[in-house]
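# Have a look at this fold, sequence not included:
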């Protein structure tokens with residue numbers, strides 16, 4: 001069975017990887033459900049962790065459904081890496097800019113993607129403090145019934 005979600009997810013990962021190449025992110029990882037993302041040992045920060053999508057579907061006509069996949073991206077940063085109060089907002093905006101520019105995810109998504117970010121939160125983990133936020137990327141794909 002052909003997956004509609006996987007090509008979208010791989011393009012989101014590619015867009016995030018471009019932020020590693022430009023030095024905005026230190027690494028990008030796919031979520032590993034066998035580990036707690038907050039206590040895992042990351043070599044460098046900030047790190048973006050791409051999770052599994054949720055999905056909603058709406059019948060567009062009697063032969064097609066429009067699926068909306070929502071992919072969470074958890075972004076973690078160590079508090080000691082922050083120099084200004086706006087650093088997390090700057091990081092968030094840099095990530096969102098990539099998806100505003102690649103709004104069809106290289107043609108993998110129908111129409112425009114809808115990125116939405118949560119406010120930053122703080123979590124103490126052992127001897128370190130992690131600042132994090134979640135960006136949800138909503139991408140639509142057309143599923144033709146019977147395929």
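On my side now, so go ahead. Model, not experiment: these values are computed from the prediction. Numbering: from 1, shown residues only.
# In which helix or strand does the spatially most central residue of the chain reside?
For the chain, residue 73 is the residue whose C-alpha lies nearest the centre (CA atoms, centre = their mean; 2.9 Å). Following DSSP states H and E, one finds residue 73 within strand 64-78.
# on that earlier part again, could you measure from the residue nearest to the centre of the chain over to residue 58?
24 Å (CB to CB, to the nearest Å). All C-beta atoms are positioned from the backbone trio N, CA, C, and that covers glycine.
# Now do the contacts for the residue sitting furthest away from the middle of the chain.
Residue farthest from the centre of the chain, counting by CA atoms, centre = their mean, is residue 62 at 31.9 Å. Taking CB atoms under 8 Å, 6 or more residues apart in numbering, we find residue 62 in contact with residue 145.
# Look at the nearest residue to residue 25 once chain neighbours are set aside and give its secondary structure.
Using CB to CB, 6 or more residues apart in numbering and skipping the chain neighbours, the partner closest in space to residue 25 is residue 19 (4.4 Å). Of the three states, residue 19 takes helix under DSSP: H, G, I helix; E, B strand; the rest coil.
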